[in-house]
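Peer 1: sequence plus the predicted model coming up.
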Amino acid sequence: MVVAPFIACGGGNQTADAGAGGAGMPPGDVLPQDLISDFEQGRSLVLPLGSPGRSGFWYSYNDGVDTCVQSPAHGDLYYDSTPAPRPPGPSGGHALHAAWNGCAIWGAGVGADFNAPVPDGGVSTVPRVVYDVTPYAGVAFWAMAMPGSASAVRLKMVMRISTELKDRGACDPAVYGANQCGDEWGEPFTLPADGTWKAITIRFTDPAFQQEPWGQPFAWNPADVFGIQFQSIAASGLYDFWIDDLYFLR
């Protein structure tokens, strides 16, 4: 069974005030059809907008070490939550809450594919299908780290060619070697340490948008993208942050 999609409302461009505390979405000129997720539907979903229309659901993942505690746990459904303070974006009072601690090997993260059916459970076994992000220049969103938690996070754009075969990608460890798959293109960003929201803009042409690099090098290919992930940078410690009003940029 597949969950029926939800349609986001609204029209016209969203205009941001100056600074991270203003209303709207940076950098001040995004289109309603370029909204990826606003986290106002209950179940945390990728909204069926754009051409071709997107579809997906938010999931959690981690390194599997015994000390790792993540909420929601891997395989559980992801639901929107209500942060304090209220997100400054245009959509409403809900956001995506990412939280984990003790993930001491390489960490943990949250993510969503852009072209995936939404199952009843949190884990899908159907083949993964790429979504062409060539028309877009990057992504923009609001984010907030809770006081006392790590404030540095890395955004990753997950490509089919660099995703391991066991994760339904095309990267074969037998060809490239162990621990060579999964070094995705992405960019780190830092959030305020005082629990306030910050507007984040990441462009695919940024000098910092690259592989880390620790694995097999692959060229950035926007036509070969499965989806997006937000992952810890430090291999251990407390991560407790929020994401809201995630848009593609033209």
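Peer 2: Thanks, I have it. Residues are numbered from 1 along each chain as shown.

Peer 1: and stretch 208-226, end to end?
Peer 2: Start-to-end span of stretch 208-226 (C-alpha to C-alpha, to the nearest Å) is 21 Å.

Peer 1: show the average pLDDT along that stretch.
Peer 2: For stretch 208-226, the mean pLDDT works out to 97.

Peer 1: neighbours of Asp63, just the number please.
Peer 2: Around Asp63 there are 18 other residues, counting by other C-beta atoms under 10 Å. C-betas here are computed from N, CA, C, even on glycine.

Peer 1: who's in contact with it?
Peer 2: Cys103, Ala104, Ile105, Trp106, Gly107, Ala108 (C-beta atoms under 8 Å, 6 or more residues apart in numbering).

Peer 1: ok, and the closest non-adjacent residue to it?
Peer 2: Once flanking residues are discounted, Asp63 sits nearest to Ile105: 3.9 Å by C-beta to C-beta, 6 or more residues apart in numbering.

Peer 1: what number of residues lie near that neighbour?
Peer 2: 13.

Peer 1: select the longest strand from the protein.
Peer 2: strand 239-249 (DSSP state E).

Peer 1: which parts of the chain are helices?
Peer 2: 173-176 (DSSP state H).

Peer 1: circling back: right, and the residue nearest to Asp63 touches Ala234 too?
Peer 2: No: in this structure Ile105 lies outside contact range of Ala234 using C-beta atoms under 8 Å: 11.6 Å.

Peer 1: so who does the closest residue in space to Ala223 that isn't next to it in sequence touch?
Peer 2: Leaving aside its sequence neighbours, Ala223 sits nearest to Asp132 (C-beta to C-beta, 6+ apart; 4.6 Å). Applying C-beta under 8 Å, 6+ apart, we find Asp132 in contact with Pro222, Ala223, Val225.

Peer 1: name the nearest of those residues relative to Gly169.
Peer 2: Gly169 lies nearest to Val225 out of the contacts of Asp132, by C-beta to C-beta, at 11.4 Å.

Peer 1: reformat the contacts of Asp63 as a markdown table; add distance to Gln180 and pLDDT.
Peer 2: Below are the contacts of Asp63 laid out as a markdown table (distance: C-beta to C-beta, whole Å; pLDDT from 0 to 100):
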| residue | distance to Gln180 | pLDDT |
| --- | --- | --- |
| Cys103 | 21 | 95 |
| Ala104 | 22 | 93 |
| Ile105 | 16 | 93 |
| Trp106 | 14 | 93 |
| Gly107 | 18 | 95 |
| Ala108 | 21 | 96 |
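
Peer 1: which one of the residues you listed is nearest to Asp206?
Peer 2: Gly107 (22.0 Å).

Peer 1: surely the closest one is in contact with Ala234?
Peer 2: Yes: under the criterion of C-beta under 8 Å, Gly107 makes contact with Ala234 at 7.0 Å.

Peer 1: how far away is Ser236 from Asn221?
Peer 2: Plainly put, Ser236 is 32 Å away from Asn221 if you go by C-beta to C-beta, to the nearest Å.
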